[in-house]
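Enquirer: any chance you could fold what I've pasted below:
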Amino acid sequence: MPAGTQSTESVRLSVSTPVLAETEAVLREFIGGVYRLVGDELHEVVVILSAAAPEDTVRACRRLEAEHGRLRVVEQRENPGLGRAVRQGIFECTGSHILIIDSDGEMDVETVPTMLRALKERDLDLVVASRWMEGGGIEGYDTLKYYLNILYHRLFGFLYGTPISDLTLGFKLGRADMLQSFEYHGVFHEIGCETTLRPIRAGYRVGQVPTVWRKRKEGASSNTFWMNLRYVAMALSIFWGGANEQRQPEEAT
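Expert: As a prediction, this is how the structure comes out:
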């Protein structure tokens, strides 16, 4: 399809989001934004609820499930780990496309309509939200982490030969059949780069749109400094050995 033309493919969007310890106020703001911004194209919201979630968070999720049609809460089967939650969420989804996004307020839900437009107009398999392209940005990032992030993206962007400027953020929208075709191994936050690098390495059409990442107002991130090494290990593993690792047909149903 020529660039700039409108895809006629209909979108039934599944939104997959992991929940660990978010407050009801944060969850309500996030869920309200999803319903408002996606509108009729929203097929479902799948909340993957951690076994370690505090009781207040569990009750908030159950209230939201009772209040909102098309929202279902699924308990995380393998704990702990954000990566395990994201992996489960991908395969719980039943829509034509999947939006992977955190529910803690750091990822800007207002970016979603731009992602949907890019998916259709550019006929993409995957749209990545990028903090590093023009129009994007970061608010409240640790200085050391900021520069390590720049180094990572320059190094692996060159290695993979990709113009995608944000390889680690776990905020993306893609075709369900494509996302569900891979065998994933990320356990913690490295799932963010795995769900971008596998499609890139496999030759799918991957594009990007700008987004602004903002440090969460409540709670603390579980992504420690030493977990950054897992991003490096994952990127090297996909590049050298597991780029096109596909699920077996019986697993992909």
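Enquirer: and stretch 230-246, how far from the chain's centre?
Expert: Put simply, stretch 230-246 sits 18 Å off its chain's centre (CA atoms, centre = their mean, to the nearest Å).
Enquirer: just the CA trace of that stretch, in PDB.
Expert: Extracted in PDB, the C-alpha atoms of stretch 230-246 (Å, rounded to 0.1, in the frame of the first residue of the first chain):
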ATOM      1  CA  ARG A 230      18.800  -7.800  30.900                       C
ATOM      2  CA  TYR A 231      18.000  -5.300  28.000                       C
ATOM      3  CA  VAL A 232      21.500  -5.900  26.600                       C
ATOM      4  CA  ALA A 233      21.400  -9.600  27.000                       C
ATOM      5  CA  MET A 234      17.900  -9.800  25.300                       C
ATOM      6  CA  ALA A 235      19.000  -7.600  22.300                       C
ATOM      7  CA  LEU A 236      22.100  -9.700  21.700                       C
ATOM      8  CA  SER A 237      20.200 -12.900  22.100                       C
ATOM      9  CA  ILE A 238      17.600 -11.900  19.500                       C
ATOM     10  CA  PHE A 239      20.300 -10.600  17.100                       C
ATOM     11  CA  TRP A 240      22.500 -13.700  17.200                       C
ATOM     12  CA  GLY A 241      20.100 -16.600  17.800                       C
ATOM     13  CA  GLY A 242      16.400 -16.100  18.500                       C
ATOM     14  CA  ALA A 243      15.300 -13.500  16.000                       C
ATOM     15  CA  ASN A 244      12.600 -15.400  14.300                       C
ATOM     16  CA  GLU A 245      11.700 -17.900  17.000                       C
ATOM     17  CA  GLN A 246       8.100 -18.800  16.300                       C
END
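Enquirer: which parts of this structure are strands?
Expert: Ranges of strands within the chain are 13-19, 42-49, 71-75, 97-100, 126-130, 137-139, 172-175, 206-210, 212-214, based on DSSP state E.
Enquirer: count the neighbours of Gly174 for me.
Expert: Gly174 has 25 neighbours, counted by other CB atoms under 10 Å. Glycine gets a C-beta too; all of them are placed from N, C-alpha and C.
Enquirer: can you check Phe182 too?
Expert: 22.
Enquirer: if I look at the closest residue to it other than its chain neighbours, how far off is Glu29?
Expert: Excluding its sequence neighbours, the residue lying closest to Phe182 (CB to CB, 6 or more residues apart in numbering) is Arg198, at 4.9 Å. Arg198 sits 31 Å away from Glu29 when distances are taken as CB to CB, to the nearest Å.
Enquirer: compare those two (neighbour count), which wins?
Expert: The neighbour count for Arg198 versus Glu29, taken as other CB under 10 Å, is higher for Arg198 (26 against 15).
Enquirer: so how far is Gly136 from that one?
Expert: Using CB to CB, Arg198 is found at 22 Å from Gly136.
Enquirer: what does Pro210 give?
Expert: Per CB to CB, Pro210 is found 4 Å from Gly136.
Enquirer: what sits in contact with each of these two?
Expert: 129-130 (CB atoms under 8 Å, 6 or more residues apart in numbering).
Enquirer: contact partners for Val109?
Expert: Residues in contact with Val109, defined by CB under 8 Å, 6+ apart, are 30, 33-34, 37, 101.
Enquirer: who touches the residue nearest to Trp132 when sequence neighbours are not counted in this structure?
Expert: Among residues not flanking Trp132 along the chain, Ser165 sits closest, at 4.1 Å (CB to CB, 6+ apart). Neighbouring residues of Ser165 by CB under 8 Å, 6+ apart: 130, 132-133, 153, 157, 208.
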